[in-house]
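*Asks:* Okay, here's the prediction I keep looking at, along with the sequence it came from:
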Amino acid sequence: MWWQIWQQSQPQVQALTGKVKYALASQLKVDSQDVGEWRLLEKSGRHASKRVKLIRIFDPALIGGDQMANLKYDDLEMTDHRKALLFNGHIEANGQIHVTHSA
């Protein structure tokens, strides 16, 4: 039972939502044509003392297909996956999205 709960709570690779695509276009002038295959991972966190969902947007074409199944938010900082990381950001409780280029 505990294992099932833990498994369900693990973040999954997700397609970008319309709101995330809009944030990329409006804040960073990313062409909507470019984001079609991009994906994101999220985890709970804090930004400016507020509870938020931290997000990382990446290009799955730059990660081996067999590695995608178990990919986690923190894995995108690892040297072998760093090249795929495009943007970092967070989603506030009110739904407001903030994104920045990956350094």
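*Replies:* Arrived safely, thanks for sending.

*Asks:* what about the strands in the chain?
*Replies:* 14-15, 39-47, 50-58, 85-92, 97-101 (DSSP state E).

*Asks:* show me the contacts for Ile55.
*Replies:* Taking Cβ atoms under 8 Å, 6 or more residues apart in numbering as the criterion, Ile55 is in contact with Val20, Leu40, Leu41, Glu42, Asn88, Gly89, His90, Ile91, Ile97, Val99. Bear in mind the C-beta positions are built from the backbone N, C-alpha and C, glycine included.

*Asks:* For those residues, which single residue is the most surrounded?
*Replies:* Sorting those by how many neighbours each has (other Cβ atoms under 10 Å) puts Gly89 first, at 24 neighbours.

*Asks:* That one - nearest residue in space that isn't next to it in sequence?
*Replies:* Leaving aside its sequence neighbours, Gly89 sits nearest to Val99 (Cβ to Cβ, 6 or more residues apart in numbering; 3.6 Å).

*Asks:* pLDDT score for that neighbour?
*Replies:* As predicted, Val99 sits at a pLDDT of 97.

*Asks:* how close does it sit to Leu85?
*Replies:* 12 Å (Cβ to Cβ, to the nearest Å).

*Asks:* still on that earlier bit, kindly reformat the strands of the chain as TSV containing distance to Leu28.
*Replies:* Formatted as TSV, the strands of the chain follow (distance: least, Cβ to Cβ, whole Å):
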stretch	distance to Leu28
strand 14-15	18
strand 39-47	14
strand 50-58	10
strand 85-92	7
strand 97-101	6
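
*Asks:* Looking at the ones you listed, which is nearest to Ser26?
*Replies:* Closest to Ser26 of these, according to Cβ to Cβ: strand 97-101, at 9.5 Å.

*Asks:* how much does the closest one deviate in direction from strand 50-58?
*Replies:* Per axes from the mean of the first three to the mean of the last three Cα atoms, to 10 degrees, the angle that strand 97-101 makes with strand 50-58 is 50 degrees.
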